[in-house]
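generate coordinates for the sequence data below:
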Amino acid sequence: MSRHSEKSFIKGTSVSVTKFGLGSAPSAGLYTPVSEEECAALFKRVLESGIRYFDTAPLYAHGLGELRVGRGIKSMSDEVVISTKVGRLLREGVNNELDKWPNSDPNIDVYFDSSTDGIMKSLEASLKRLGRDYIEIALIHDAYTWLEEAIDVVFPLLADLRSQGVIKAVGIGMNYCEPSIKIMKNTDLNVALMAGRYTLLDQSAAEELLPLAVEKNVSIVAAGVFNSGILANPVTGAYFDYEPASDEMLNKARKIAAFLKERDISLTSAALQFPLSHPAVTTVLVGIRSITELDANLEAFDQDLPADLWTDLRSAGLIS
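Purely as a prediction, here's the structure:
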């Protein structure tokens with residue numbers, strides 16, 4: 001069995017996910033259109049590779065991300081694990097994000113609704129788009145401006161659904177540590193999807209979030225491992241956290257890449273595998289838009305790395 005198809009359990013649940021999961025924003029056409037044919041071919045190859053964990057959200061191309069996941073996994077629906085997110089709903093209106101989601105419907109708007117009715121409507125609509133009667137993992141999405149509602153309203157509702165067996169695991173999907181820590185401290189989560197906060201360039205999650213996750217038995221899904229692209233290719237114009245990278249970040253990424261090259265290790269391999277070096281991290285989630293990208297990432301993920309690589313990087317002052 002290849003490393004990418006090995007499975008681990010989401011802590012405190014019966015849900016097992018492959019160590020390599022597929023994030024569905026790029027295949028929904030994030031910034032660059034992806035045709036239905038290209039997407040179908042990608043999902044076919046993903047399933048053939050043994051990947052069995054897929055993450056999506058209503059936000060991704062205003063529902064198209066979930067539709068494409070549902071169609072893509074249909075032939076093996078009972079064998080895969082899906083996480084989707086709650087907190088946003090779709091409605092008829094003006095789509096002001098066509099530059100970000102060029103494949104999305106121009107007549108669908110996205111809005112926040114953290115009420116109990118809103119969360120239930122969100123889940124029901126997601127299930128319909130996914131073509132499923134259930135999802136394994138429900139994630140509270142981007143609750144930065146409604147933390148109290150996430151803790152006092154949304155989590156209790158999802159926990160009740162978990163106790164009924166309607167969903168198997170409850171979690172959060174966030175980009176920043178501080179609000180994630182607050183939710184984690186005040187709830188009984190199973191999983192936290194964290195984007196960009198435990199990478200070769202940013203280990204901020206290691207300060208408090210990851211130790212708290214170990215203490216509270218929360219599985220971490222590490223997303224954004226390339227920090228928006230800079231760790232895939234640290235060239236001038238590369239992006240870091242959704243914005244053009246600063247000279248400081250470019251120089252840091254290039255130093256790490258040079259250190260690895262001296263040891264005949266690709267930056268991609270190290271970026272993909274580094275998050276799993278922490279005991280809190282259960283799986284790495286990677287957004288992919290093509291078969292070419294998929295094959296390259298799986299090869300990099302499966303490459304054997306020296307056991308002391310992370311220690312050496314720390315000793316060189318390149319990671320903390």
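
alpha carbons only for contacts and neighbour counts from here, please
Fine.

show me where the stretch 151-300 of the chain has helices.
In the stretch 151-300 of the chain, the helices defined using DSSP state H, counting those that start in this stretch lie at 155-164, 177-185, 209-216, 247-262, 267-273, 291-302.

so which of those helices has the densest surroundings on average?
Looking across the helices of the stretch 151-300 of the chain with neighbours counted as mean count of other C-alpha atoms under 10 Å, the highest average goes to helix 267-273: a mean of 23.

which other helices and strands contact that helix?
The criterion is 3 or more C-alpha pairs under 8 Å, 6 or more residues apart in numbering; DSSP states H and E, and the helices and strands that helix 267-273 contacts are helix 247-262, helix 291-302.

for these, which one sits closest to Ile140?
Ile140 lies closest to helix 291-302 among those, at 27.3 Å (C-alpha to C-alpha).

the helices and strands packed on helix 267-273: which one's closest to Thr236?
helix 247-262 (7.5 Å).

re the thing from before, the helices of the stretch 151-300 of the chain into CSV, with extra columns for mean pLDDT and distance to Lys11?
Shown next, in CSV, are these (pLDDT from 0 to 100; distance: least, C-alpha to C-alpha, whole Å):
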stretch, mean pLDDT, distance to Lys11
helix 155-164, 97, 14
helix 177-185, 98, 14
helix 209-216, 98, 10
helix 247-262, 96, 32
helix 267-273, 98, 20
helix 291-302, 97, 23
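
can those helices go into a markdown table with extra columns for distance to Val225?
A markdown table is the format used below for the helices of the stretch 151-300 of the chain (distance: least, C-alpha to C-alpha, whole Å):
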| stretch | distance to Val225 |
| --- | --- |
| helix 155-164 | 27 |
| helix 177-185 | 15 |
| helix 209-216 | 15 |
| helix 247-262 | 13 |
| helix 267-273 | 6 |
| helix 291-302 | 12 |
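
nearest to Pro26, of those helices?
helix 291-302 (11.0 Å).

which residue packs closest to Cys39, ignoring adjacent ones?
In space, and not counting its chain neighbours, Cys39 is closest to Ser27: 6.0 Å by C-alpha to C-alpha, 6 or more residues apart in numbering.

I figured that neighbour was touching Gly65, is that so?
Yes - between Ser27 and Gly65 there is a contact under C-alpha atoms under 8 Å: 7.3 Å.

phi, psi of Val110?
phi -110, psi 140 (degrees, to the nearest 10).
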